[in-house]
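Chemist: need a structure here:
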Amino acid sequence: MAHRARANALAVSLQDAQRPACCPRCLRTFAEILGKDAAALDDVRINCHGFWNACMTVISTPRTSDDLAFLEPHFQSMERQCANRTHTSKSSLGWSTTQTRMFFDAAYECIYIGLTFGPKAIVLRTKPNQGFNSSKRSHWPVTIDQMFPGSEAGSIATHVFWCTQIFSPYPLHVLNQLVIVARPIVFPVILREPLHAQLVWALVQYLHPYGSTPVKDWIWSGGRAPCTAPEDWQSIPWLALQPRYAPVWAATFLHYLQRGPDAHYDDIRRFLAGYERVLWPAVKNGYAVLATWPYADDHVVLRVTTLAVWTFTIHEVLDLPPSELSDDIKRAAHPVSDDYEAENEISIAIPIHIHLKRCANRRACFGPGCGITMQRNDGKPFQVCSRCKIVRYCSKECQKRDWTDDRQFPHKRACAAISRLLAQPGIRLDCDPIDFQRAFYQPHVLVDDQDMLVLTMTALEGSQPELKSAMLRMLVPNMDGSGTVDWTAVRAARFTPDMAESMEEWLAEQRRMRRAAEREAQAVPGDAVYFANGWEWNYFGS
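Modeler: Numbering: from 1, shown residues only. From the prediction side, this is the model:
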């Protein structure tokens, strides 16, 4: 009850979002309590929505750099006049160098804790059958509006602004959690300029905070960086005391951009677009820092892999010389076990599993031309197809349209093939791809050629370029001149380590072919149709 009373009192003091009448050290102390006391956190998250809403409104209210200087005397006065004297925090002044910074650092930490900590945290409710706007759920937040007070775009822009102020890691933490919970809302906004440039700039500071070769302004579009670091940025406590953690937190954000809930396979390239040269040295530096961390745990190792993937992707997009990418980064981005057993080689089962699992995890309507997301459905999950239990629809109309759509593989065909596959003994999606592959090739699992056609073509249509390329290396050699596929040979085909080693050169050749076709199409419209719908579909006459 004491924690509830304190939260309610703080909520009152935060009502004026422009000039909160709140003692920064009291809020800082309360953030520490919430982070350490799980029972207090649950109590406040259930019974004190006003506190969380007030904190979120304060950090979502648009600010400028001048506001920070303007608010400093105000927060100093709030600290001096504080009558409750509950600010027992010992680390406050050592963490943030001004009262204004301490206040916003604490407000952001409260929101981060509220979104993240405990088994009832909203970031854990990311499965397609989980909504968060439910009468059975009372833990804050219970609506999308509570996470984006005011306008969605305005709230997200303000979070990006606070990321560029650098004095606290929590704005980036909160933005990351919002990407996890509401990616369809957040991701399109952070791709808008100038927010995109500002966020990239902030990530560069995290990835390369004290580099001897900082990213130069000339690399930025327009000849100048979109933001200016605070004058005291090199002495900001959290960077000075924990410099290795900055790349970890940046890598965590990049990880969820790449692989988080509702992620699309090309999101990484969309975020990189136009900023590849800006991020190239910074991501390499972040990788070098984390890869040599002597006390790295599993969390850090995962972030090392993330930065390796981003580095590999940037190298590929910029078409840089092979010498620019170390063997260590290649191995980290695409690990291949030394004891590469035959069963661990990639077969056609792997992309089928990855595609079906991605579809099953998608929190959006599969209706043709719809695509409405769960977040736009009042936070309620969509109904799943009763037969295959994979795809979801916002309405019966969308389901009917997908069932009978005039395309080669409408859901009427795909649903039957998927259902027959998942009904086979030992076949399930909630497993590692290699385990799925092992089950797929058991003698009692029977998938006929027609189902193989449907499963493979739908996986090919929805897979990322790397998986498409691997599939084609297994499919194309097993086709005759008329396009007939030898499915027995396809089942037996494997994407081997030797093929993986030559993959980079093969993909480079395909990119050159694609660029040549695009140039031809621009020069002679209507004549160059070879690549119109993606070069891979030409093999199948589609």
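Chemist: from here on, just use CA atoms for contacts and neighbour counts.
Modeler: OK.
Chemist: which parts of the stretch 251-400 of the chain are helices?
Modeler: Assigned by DSSP state H, counting those that start in this stretch, the stretch 251-400 of the chain shows helices spanning 267-272, 276-291, 298-318, 327-333, 349-361, 396-404.
Chemist: wait, doesn't Gly35 sit right on Ile113?
Modeler: Yes. Using Cα atoms under 8 Å, Gly35 makes contact with Ile113 at a distance of 6.3 Å.
Chemist: adding mean neighbour count, write the helices of the stretch 251-400 of the chain out as TSV.
Modeler: Putting the helices of the stretch 251-400 of the chain into TSV (neighbours: other Cα atoms under 10 Å) gives the following:
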stretch	mean neighbour count
helix 267-272	17
helix 276-291	22
helix 298-318	20
helix 327-333	16
helix 349-361	21
helix 396-404	16
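Chemist: thinking again about what came up before, which neighbours do Gly35 and Ile113 have in common?
Modeler: Among the neighbours of Gly35, none is also in contact with Ile113 (Cα atoms under 8 Å, 6 or more residues apart in numbering).
Chemist: related to what we said a few turns ago, now the helices of the stretch 251-400 of the chain as TSV including mean pLDDT and distance to Leu455?
Modeler: Shown next, in TSV, are the helices of the stretch 251-400 of the chain (pLDDT from 0 to 100; distance: least, Cα to Cα, whole Å):
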stretch	mean pLDDT	distance to Leu455
helix 267-272	92	24
helix 276-291	91	35
helix 298-318	89	28
helix 327-333	86	27
helix 349-361	89	7
helix 396-404	89	16
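Chemist: quick check: which of those helices is nearest to Ala240?
Modeler: The stretch from those with the least distance to Ala240 (Cα to Cα) is helix 276-291; that distance is 15.0 Å.
Chemist: quick one: the closest one to helix 298-318, angle?
Modeler: Orientation check (axes from the mean of the first three to the mean of the last three Cα atoms, to 10 degrees): helix 276-291 against helix 298-318 gives 150 degrees.
Chemist: which elements pack onto helix 276-291?
Modeler: Helices and strands in packing contact with helix 276-291 are listed as helix 195-207, helix 245-259, helix 298-318; criterion 3 or more Cα pairs under 8 Å, 6 or more residues apart in numbering; DSSP states H and E.
Chemist: what's the spacing between it and its chain's center?
Modeler: A distance of 18 Å separates the centroid of the chain from that of helix 276-291, by Cα atoms, centre = their mean, to the nearest Å.
Chemist: run through who's touching it.
Modeler: Under Cα under 8 Å, 6+ apart, the answer for helix 276-291 is 200, 204, 207-208, 215, 219-220, 244, 247-248, 251, 272, 296, 300-301, 303-304, 307-308, 310-311, 314-315, 317-318.
Chemist: can you show me the CA trace of that helix as CSV?
Modeler: The C-alpha atoms that make up helix 276-291 are tabulated as CSV, following Å, rounded to 0.1, in the frame of the first residue of the first chain:
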residue,chain,number,x,y,z
GLU,A,276,25.1,2.2,-44.9
ARG,A,277,28.4,4.2,-45.0
VAL,A,278,27.4,6.0,-41.7
LEU,A,279,26.9,2.7,-39.9
TRP,A,280,29.7,0.7,-41.5
PRO,A,281,32.6,1.8,-39.2
ALA,A,282,30.3,2.1,-36.1
VAL,A,283,28.9,-1.4,-36.4
LYS,A,284,32.3,-2.9,-37.0
ASN,A,285,33.6,-1.1,-33.9
GLY,A,286,30.7,-2.4,-31.9
TYR,A,287,31.4,-5.9,-33.1
ALA,A,288,35.1,-5.6,-32.2
VAL,A,289,34.3,-4.3,-28.7
LEU,A,290,31.8,-7.1,-27.9
ALA,A,291,33.7,-9.9,-29.6
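Chemist: Leu71: neighbour count?
Modeler: 17 (other Cα atoms under 10 Å).
Chemist: just say helix, strand or coil for it.
Modeler: Under the three-state scheme (DSSP: H, G, I helix; E, B strand; the rest coil), Leu71 adopts helix.
Chemist: how near is it to Gly369?
Modeler: The span separating Leu71 from Gly369 equals 48 Å under the rule Cα to Cα, to the nearest Å.
Chemist: so where is the chain shaky, pLDDT-wise?
Modeler: In the predicted model of the chain, residues 1, 85-96, 132-137, 210-218, 241-242, 296, 335-344, 463-466, 496-542 satisfy pLDDT under 70.
Chemist: quick check: domain ranges of it?
Modeler: When the chain is parsed into structural domains using automatic domain parsing, the resulting residue ranges are 1-190, 196-335, 342-495.
Chemist: chain center to the first one: distance?
Modeler: Which is domain 1-190. 21 Å.
Chemist: check which helix or strand Phe30 maps to.
Modeler: Assigning secondary structure by DSSP states H and E places Phe30 in helix 24-36.
Chemist: and that helix, what other elements does it pack with?
Modeler: With contacts defined as 3+ Cα pairs under 8 Å, 6+ apart, the packing partners of helix 24-36 are helix 38-47, helix 65-81, helix 92-95, helix 99-116.
Chemist: now the angle between helix 38-47 and it, please.
Modeler: Using the same axes, to 10 degrees, the direction of helix 24-36 lies 110 degrees away from that of helix 38-47.
Chemist: now the helices: where do they sit in the stretch 401-542 of the chain?
Modeler: Counting by DSSP H, counting those that start in this stretch, residue ranges of the helices within the stretch 401-542 of the chain are 411-422, 433-440, 449-462, 465-475, 487-492, 497-523, 535-538.
Chemist: which of the helices and strands packed on helix 24-36 sits most buried?
Modeler: Among those, ranked by average contacts under mean count of other Cα atoms under 10 Å, first place goes to helix 99-116 (a mean of 24).
Chemist: show me what whichever helix or strand comes after that helix is packed against.
Modeler: Scanning forward in sequence from helix 99-116, with DSSP H and E defining helices and strands, the next element found is helix 152-164. Applying 3+ Cα pairs under 8 Å, 6+ apart, one finds that helix 152-164 contacts helix 49-60, helix 170-190, helix 195-207.
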